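# Sharing a sequence plus its predicted fold:
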Amino acid sequence: MPRKSTSVDMTAMCDVAFLLLSFFILATKPKPPEVIKVSTPSSVSTATLLREGKVIVTIGKDGKVFLTFDDQDKKEQVLKTMNTQYNLQITDADVAKSKSVEAFGTPMAQLHSFLNQPASAQKPELLAGIPTLDSTNNQLNQWFAVIHSVYQRDDMMVVKGDGMAKYPVFKSVIDAFKKNDLMKFNVITNQEGVEAGTALYKENESKKAQTAK
């Protein structure tokens, strides 16, 4: 009998491969864009932060402070509440435009004009930042008060500060937290290795040994 080569139909395999590829492309959530380039300080913490539904306070090395909202619906509620409480002349059309805003970093009185600027003028690097250093005009107090009332919880705040930023800026942020009874917040850092022989090193090694068993 003459020998014939084996023929394998790869059509089904190609279909499955493209289906899987399409699924991962559609299901993968891209990393949120950085508001400004920040070099965070290092720590030995290994905890992973879930950023969904968080409000991120970004502090640049020049001391500028910005607010970023992960939840668009909550962002719009915050803007509407601030407009009601402080009469900022923000319209519903202005609120709808906030969807394209990367971060808020202007004095409250300028929010209306800020929301009506083109996207090229809303880049964080072009903004002055939220006023914080003047204790009589720390506008984070107003922002945090409204955010707290909208979210109705105290675990949504995240601080991402540059290691080169000066202490008074961080203090102004912490003071605004305290004034609004926001006693829980996370700080984003770069992970560094734990020094061998320390108590934390021994604790981590013990956990690894227990997991291995």
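Great, that's in hand.
# which parts of the helix or strand where Thr84 lies are buried?
Element membership for Thr84 (DSSP states H and E) is helix 72-86. For helix 72-86, a neighbour-count test (16 or more other CB atoms under 10 Å) marks Lys74, Lys75, Glu76, Gln77, Val78, Leu79, Lys80, Met82, Asn83 as buried. The way it works is simple: take the backbone N, C-alpha and C, and place the C-beta from them, glycine included.
# and the nearest residue to Asn190 once chain neighbours are set aside, how many residues sit next to it?
Leaving aside its sequence neighbours, Asn190 sits nearest to Ser42 (CB to CB, 6 or more residues apart in numbering; 4.6 Å). Neighbourhood size, Ser42 [other CB atoms under 10 Å]: 12.
# One more: the one 10 residues further on?
Close neighbours of Glu52, defined as other CB under 10 Å, add up to 9.
# does it sit in a helix, a strand or a coil?
Under DSSP: H, G, I helix; E, B strand; the rest coil, Glu52 falls in the coil class.
# all strands for this structure, in order.
42-43, 55-59, 65-69, 157-161, 185-187, 190-191 (DSSP state E).
# quick one: contacts for the spatially most central residue of the chain?
Centroid-nearest residue in the chain: Ile56, 4.0 Å away (criterion: CA atoms, centre = their mean). Counting by CB atoms under 8 Å, 6 or more residues apart in numbering, Ile56 touches Val35, Leu67, Thr68, Asp70, Val158, Val159, Lys160.
# cutoff 10 Å now
32, 35, 49, 66-70, 103, 156-160, 186, 188 (CB atoms under 10 Å, 6 or more residues apart in numbering).
# what does Asp181 give?
Contacts for Asp181 (CB under 10 Å, 6+ apart) come out as Phe144, Ala145, His148, Asp154.
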